[in-house]
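**Q** just to be clear, the model below is a prediction. Sequence and coordinates:
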2 protein chains.
Amino acid sequence: MKPEKSPNSGVLLTLPVWLEKQLDAESPVFPDPEARMRWVIGLSLHNVEFRSGGPFAAAVFERETGRLLGAGVNRVEPLNCSPAHAEIMAIARAQKQDGHWDLGHDAARPTELVASAQPCLMCLGAVLWSGVTRLVYGASAADVTSILGFDEGPLPDAWRQELQKRGITVEGERLRGEAVAVLDLYKRKSGTVYNSRKGF
Amino acid sequence: MKPEKSPNSGVLLTLPVWLEKQLDAESPVFPDPEARMRWVIGLSLHNVEFRSGGPFAAAVFERETGRLLGAGVNRVEPLNCSPAHAEIMAIARAQKQDGHWDLGHDAARPTELVASAQPCLMCLGAVLWSGVTRLVYGASAADVTSILGFDEGPLPDAWRQELQKRGITVEGERLRGEAVAVLDLYKRKSGTVYNSRKGF
């Protein structure tokens, strides 16, 4: 008799099928930094339209060439996994692709994280340990909080300086209006805003 | 001809084989809160001894019964995944086991995260969104920084109050000496301290 499969088989962080198919079909390279953000905001829009997670997307690119190393969208609800924010998904995917836990391991090939919205406290930490040397974001934390009521956590007032002290430059808000439009759409569709405890 | 497997098949967050075997063999229940921490510190020690990741462990328990919902150890290096800290692994595992992204979804069954060391900035955020209502930790952030040279990130001065505002009580340092001994052992073995950028 074959033993039953162990229930302890790890946690699989998957992207939506529509995004897997898109990544199989194309090998995105965006020399223009604005085009990178527009592509990422497009992923956040698709994630809302296909109801495959929250209204957030992120991607890791080679800074110089604009070659995609890894993409992610928010997957908290479909995966039953509160850490599955877009930034965590993109960083994990890029590091898998790269075969390294440090996206800065090759100093001749600096990398950046492009996120459709300013990272929450968890993802700010994830950016710090990822090895990227630039963070680019669209909507601000204030946009996310005011539109969705999402708590971004106790972000340090000097969060940009905290990144810069650790060798990570910050650019944003880039294409903020387009990024905010996706948050507005999600709100109109009454998507889940998951924040766990609401008592703050 | 069968198509080749897509390279885009998700990121699998696995625990070490020794821990999977242990979890298959036992169903830990620790009515005594101190026994929960001692078990978690034991996992951090095994993770160092078996060289299966950094010197950190964490687990989610039912607060009242002490029944284990999910365990994790640091897996950054073996999985090439900088977000794979022990707390993230334990939260993701517990949520998978629970079939819910909110470990507080059942108000009659509150849950807690027990971590061998005070969470870094990323994991502090992960705790906030996890749904646990108590955080218990062993070694302090100052211990982690002074022994290993690991940057915990720009933790808010009032981090305990920030958790408490969101309905999460904090207890620590519990069994600090035992937790610190594992950090010391890791240092003596010259394990990797991964912090990405060192220029802060």
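**A** Sure, I can see it.

**Q** so what does A:L79 have for phi and psi?
**A** Main-chain dihedrals, A:L79, degrees, to the nearest 10: phi -100, psi 0.

**Q** distance of it from A:T169?
**A** 31 Å (CB to CB, to the nearest Å). C-betas here are computed from N, CA, C, even on glycine.

**Q** the two - which one has more neighbours?
**A** Counted by other CB atoms under 10 Å in any protein chain shown, A:L79 and A:T169 do not tie: A:L79 has more neighbours, with 22 against 14.

**Q** in this structure the more buried one contacts A:L13, no?
**A** Yes. Contact criterion CB atoms under 8 Å: A:L79 and A:L13 qualify, at 6.6 Å.

**Q** give me the contacts around the strand or helix carrying A:I41.
**A** Element membership of A:I41 [criterion: DSSP states H and E] is helix A:33-49. With contacts defined as CB atoms under 8 Å, 6 or more residues apart in numbering or on different chains, helix A:33-49 is touched by A:16, A:18-19, A:28, A:30, A:52-59, A:61, A:66, A:71, A:73-74, A:86, A:114-117, A:136, A:138, A:174-175, A:178-179, A:182, A:185-186, A:189, A:191.

**Q** and the next helix or strand past that helix?
**A** strand A:57-62.

**Q** show the backbone phi and psi for A:L113.
**A** Dihedral angles (degrees, to the nearest 10) for A:L113: phi -110, psi 130.

**Q** okay, now the closest residue to A:T192 other than its chain neighbours: neighbour count?
**A** With CB to CB, 6 or more residues apart in numbering or on different chains as the criterion, A:T192 has its nearest non-adjacent residue at 5.6 Å, and that residue is A:E77. Number of residues near A:E77 (other CB under 10 Å) recorded here: 17.

**Q** for A:T169, give me its contacts.
**A** Contacts of A:T169 were listed using CB under 8 Å, 6+ apart, and they are A:133-135, A:163.

**Q** buried set for stretch A:141-161?
**A** Across stretch A:141-161, burial judged by 16 or more other CB atoms under 10 Å in any protein chain shown covers A:141, A:143-144, A:147-148, A:150-156, A:159.

**Q** ah, wrong one, I meant stretch A:91-107
**A** Taking 16+ other CB under 10 Å as the criterion, stretch A:91-107 shows A:91-98, A:100-104 as buried.

**Q** try stretch A:56-69
**A** So, applying 16+ other CB under 10 Å, buried residues of stretch A:56-69: A:56-63, A:66-69.

**Q** is chain B within reach of that stretch?
**A** No. Using CB under 8 Å from any CB of the partner chain, stretch A:56-69 never reaches chain B; the gap is at least 11.3 Å.

**Q** and for stretch A:105-125?
**A** Yes. Using CB under 8 Å from any CB, stretch A:105-125 reaches chain B at A:120-125.

**Q** which pair of those spans the longest distance?
**A** Within those, A:C120 and A:G125 form the most distant pair, 9.4 Å apart (CB to CB).

**Q** between the two, what contacts are shared?
**A** Between them, A:C120 and A:G125 share the contacting residues B:G125, judged by CB under 8 Å, 6+ apart.

**Q** helices along chain A, start to end?
**A** A:17-25, A:33-49, A:76-79, A:86-98, A:121-130, A:141-148, A:159-165, A:176-188 (DSSP state H).

**Q** to B:L23, which of those helices lies closest?
**A** Among the helices of chain A, helix A:76-79 sits nearest to B:L23 (CB to CB), with 20.5 Å.

**Q** and that closest one, C-alpha only, in PDB?
**A** Output in PDB follows, covering the C-alpha atoms of helix A:76-79 (Å, rounded to 0.1, in the frame of the first residue of the first chain):
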ATOM      1  CA  VAL A  76      -3.300  36.900  -0.300                       C
ATOM      2  CA  GLU A  77      -6.900  35.800  -0.800                       C
ATOM      3  CA  PRO A  78      -6.600  33.100  -3.500                       C
ATOM      4  CA  LEU A  79      -3.600  31.500  -1.800                       C
END
